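attaching a predicted model along with its sequence, questions to come.
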2 protein chains.
Amino acid sequence: MKLDNIDKRILRILQREGNIQNNELAKKVGLSPSPCLRRIKILEDAGFIKQYVALLDKKTINKQLIVYVRIKIDIANTSSAAIERFIYEVKLLSQIQECYVMAGENDFLLRVLCTDLEEYRNFQVNTLALLPGVCNIKTEIPLQVVKWTTEIDI
Amino acid sequence: MKLDNIDKRILRILQREGNIQNNELAKKVGLSPSPCLRRIKILEDAGFIKQYVALLDKKTINKQLIVYVRIKIDIANTSSAAIERFIYEVKLLSQIQECYVMAGENDFLLRVLCTDLEEYRNFQVNTLALLPGVCNIKTEIPLQVVKWTTEIDI
DNA sequence: GATGAAAGCTTGTCCTA
DNA sequence: TAGGACAAGCTTTCATC
């Protein structure tokens, strides 16, 4: 499916203002409400728009600490079932926002959100370290968030 | 400000369904529409809710390649003005979704989104490498996204 | 926190280019 | 094939209890 310029403008606006009213969006892209809504539905059905979410403020919620965690798996001694279980657990843990299988090495990269270092330390010792197959954990901590956006350039 | 259980349920739902109707949300948390809407406004005004966004599908948009880029800055030969300019440019570049100042080393961590490796290669050579102060670029590429969410545990 | 009413939005149908 | 007009049915939203 090919996106025309109006579709692209709709997607750009919705990426910034997911709760904009159809009325107002229509005005912004120069359509009347009906065809605008029709386009939105098509974009949703075609899978371009995956989800609408509210983004919360980490500071206000008091989950300020981002930790990037690199977990090495002991491949030699870990069954694929254990890795499946690792993945299953990761998906359940609410502190873990992101998890990637990295190229090149036998490891996972996690983005973890915590209140403070003490909370993270507990999480690492009592939870992460106990996941199946884990043989090494390295952490990296951002001091400052220069940029953060969910927007994708269309 | 202290959140009660209803506030927390509202925030949890909005993090998954940012476009839910107030009517329906009110039903889910066991309130009538007016006090529910009042709470949402309070949560927005108090800064708990930062933004509503539509999340697009990377694959459908054809920006499938995530690259984590570690950029080392030549601190000895880079003025603070140059670093300011680096940060300014990073904010403008739409391929860069995230940028952090990392603890411990003189470097930045970037999350970059591209169509494919060729596009990334061009971006690195023609854009990233030319930013002020850059003296070293290392890339890491996720093979698989195991988990990705914007949700914060409340 | 609930109710009820006014204003405004959404959304479907049908018509036009 | 795509946009516009219109109208019915909802939602939102606010004052009042």
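Okay, I see it.

ok, the residue lying farthest from the centre of chain A to residue B:19 distance?
Most distant from the centre of chain A: residue A:32, at 33.8 Å, with distances by C-alpha atoms, centre = their mean. Residue A:32 sits 21 Å away from residue B:19, going by C-beta to C-beta, to the nearest Å. Bear in mind the C-beta positions are built from the backbone N, C-alpha and C, glycine included.

cool, residue A:107 as well?
According to C-beta to C-beta, residue A:107 and residue B:19 sit 37 Å apart.

flag every buried residue along stretch A:97-109.
Across stretch A:97-109, burial judged by 16 or more other C-beta atoms under 10 Å in any protein chain shown covers A:97-102, A:106-109.

does that stretch come close to chain B?
Yes. Residues of stretch A:97-109 are located near chain B by C-beta under 8 Å from any C-beta of the partner chain, namely A:97-104, A:108-109.

adding pLDDT, distance to DNA strand D and secondary structure, write the residues you listed out as TSV.
As requested, those are arranged in TSV below (pLDDT from 0 to 100; distance: C-beta to the nearest atom of the strand, whole Å; DSSP: H, G, I helix; E, B strand; the rest coil):
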residue	pLDDT	distance to DNA strand D	secondary structure
A:97	98	28	strand
A:98	98	31	strand
A:99	98	34	strand
A:100	98	36	strand
A:101	97	39	strand
A:102	96	42	strand
A:103	89	40	coil
A:104	80	44	coil
A:108	97	40	strand
A:109	98	39	strand
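
contact partners for the nearest residue to the residue farthest from the centre of chain A once chain neighbours are set aside?
Using C-beta to C-beta, 6 or more residues apart in numbering or on different chains and skipping the chain neighbours, the partner closest in space to residue A:32 is residue A:26 (6.0 Å). Residues near residue A:26 by C-beta atoms under 8 Å, 6 or more residues apart in numbering or on different chains: A:32-33, A:35-37.

name the element residue A:26 belongs to?
With secondary structure defined by DSSP states H and E, residue A:26 is part of helix A:22-29.

identify the farthest-apart pair in the residues of stretch A:97-109 next to chain B.
Using C-beta to C-beta, the residues of stretch A:97-109 next to chain B reach their maximum pairwise distance at A:97 and A:104, which is 22.7 Å.

quick one: the helices in chain A?
Ranges of helices in chain A, per DSSP state H, are A:5-16, A:22-29, A:33-45, A:58-61, A:80-92, A:117-126.

now the first one against helix A:22-29, angle please.
Spelled out, it's helix A:5-16. Angle, helix A:5-16 to helix A:22-29, by axes from the mean of the first three to the mean of the last three C-alpha atoms, to 10 degrees: 130 degrees.

around DNA strand D, pick out the residues from chain A.
A:6, A:30-35, A:38-39 (C-beta under 7 Å from any atom of the strand).

hmm, which two among those residues are most spread apart?
Taking C-beta to C-beta, no two of the residues of chain A next to DNA strand D sit farther apart than A:30 and A:38, at 14.6 Å.

residue A:41 - how many residues pack around it?
For residue A:41, the neighbour count with other C-beta atoms under 10 Å in any protein chain shown is 11.

residues of chain A that sit close to DNA strand C?
Neighbours of DNA strand C within chain A, by C-beta under 7 Å from any atom of the strand: A:21-24, A:33-34, A:37.
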